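Participant: Generate a structure from the sequence data that follows.
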Amino acid sequence: GKKSLRQKFVDELKHYYKGFHLLWTDTKVAARMVWRLLHGQVLTRRERRRLLRTCADLFRLVPFLVFVIVPFMEFLLPVFLKLFPEMLPSTFETESKKEEKLKKKLNAKLELAKFLRETIAEMAKRNKADTG
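Facilitator: Numbers count the residues shown, from 1 in each chain. All right, here's what the predicted structure looks like:
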């Protein structure tokens, strides 16, 4: 069914609360990783990727905080998210946004595979014509 305006508002607040909570957790884990790095330990590839993602999320948080601090600026947030979809940290992504990204990546890979297949077929025709 259709949600009321109050329910949509509550859902959005829950979404942002969970996003900030996840970001806080990621930041604590990243701080431990930095501590380990400073003491000469080596990070695994997975840990390094997580550390880089968390650092990128913290840098993305700076422009997002402007919308929170400046009064009534939050009304422009949907406009800016439409213009700059990667502005929010990764912890704020919804499942539908993640699925949409995966679909776009898959479509791009399929198009690339189709292009490569056509190119190879064209090259095979040329080689066959040259040898035959």
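
Participant: What does the pLDDT read for the residue nearest the centre of the chain?
Facilitator: Geometric centre of the chain, nearest residue: S90, 4.9 Å, by Cα atoms, centre = their mean. What the model reports as pLDDT for S90 is 80.

Participant: Count the neighbours of the residue lying closest to it once chain neighbours are set aside for me.
Facilitator: Leaving out its chain neighbours, the residue that sits closest to S90 by Cβ to Cβ, 6 or more residues apart in numbering is D57, at 5.5 Å. For every residue, glycine as well, the C-beta is placed using N, CA and C. D57 has 21 neighbours, counted by other Cβ atoms under 10 Å.

Participant: Wait, D57 touches L23, no?
Facilitator: Yes: judged on Cβ atoms under 8 Å, D57 makes contact with L23 at a distance of 6.1 Å.

Participant: quick one: low-confidence parts of the chain?
Facilitator: 132 (pLDDT under 70).

Participant: where along it do the helices fall?
Facilitator: 5-38, 45-69, 77-83, 95-131 (DSSP state H).

Participant: in the first one, what counts as buried?
Facilitator: Right, the one you point to is helix 5-38. Buried residues in helix 5-38, defined by neighbour count with 16 or more other Cβ atoms under 10 Å: 19, 23, 26-27, 30, 33.

Participant: repeat for the third one
Facilitator: By neighbour count with 16+ other Cβ under 10 Å, helix 77-83 contains the buried residues F80.

Participant: before we move on, back to that, any chance of the buried residues of helix 5-38 in a markdown table, with distance to F72 too?
Facilitator: Shown next, in a markdown table, are these (distance: Cβ to Cβ, whole Å):
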| residue | distance to F72 |
| --- | --- |
| G19 | 21 |
| L23 | 24 |
| D26 | 30 |
| T27 | 28 |
| A30 | 33 |
| M33 | 38 |
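
Participant: Could you measure from the closest residue to L43 other than its chain neighbours over to K82?
Facilitator: Closest residue to L43 apart from its sequence neighbours, by Cβ to Cβ, 6+ apart: M33 at 6.0 Å. Plainly put, M33 is 34 Å away from K82 if you go by Cβ to Cβ, to the nearest Å.
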